[in-house]
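> with the input below, show me the fold.
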Amino acid sequence: MAKKQVPAVYKIIEIVGTSSSSWADAAKNGIKEASKSLRDLRVAEVDRLDVKVEAGKLVYRAKMKVSFKYHGND
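Okay, here's the model as predicted:
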């Protein structure tokens, strides 16, 4: 007998990851930190890349939309 598939619901939030070395590391750092408090991360879509100058040094920033499975009140 086939198992009934329950519809899944996903929530989307925006996060900004940072790095002193690259945009790829900024995205990776953002996902790594988000995964500490969010369950079932699914997709990260990079919306914007920019660089901030702090004390003469570059800080790479990756602004992303991240989706994760919504579990309700469980």
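> I'd assumed Ala24 was in a helix, is it?
Yes: counting by DSSP: H, G, I helix; E, B strand; the rest coil, one finds Ala24 located in a helix.
> residues near it, how many?
Applying other C-beta atoms under 10 Å, we find 14 residues neighbouring Ala24. (C-beta placed from N, C-alpha, C; glycine too.)
> tell me how far it lies from Met64.
Applying C-beta to C-beta, to the nearest Å, the value for Ala24 to Met64 is 12 Å.
> Gly72 too?
Going from Gly72 to Met64 by C-beta to C-beta gives 24 Å.
> can you check Ala8 too?
Ala8 is 21 Å from Met64, by C-beta to C-beta.
> show me the strands in the chain, by range?
10-19, 41-54, 57-69 (DSSP state E).
> the shortest one: which residues count as buried?
Neighbour counts using 16 or more other C-beta atoms under 10 Å place 15, 17-19 of strand 10-19 among the buried residues.
> could you dump those residues to a markdown table with distance to Glu33 and pLDDT?
Conversion of these to a markdown table gives the following (distance: C-beta to C-beta, whole Å; pLDDT from 0 to 100):
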| residue | distance to Glu33 | pLDDT |
| --- | --- | --- |
| Ile15 | 8 | 98 |
| Gly17 | 7 | 98 |
| Thr18 | 10 | 98 |
| Ser19 | 12 | 98 |
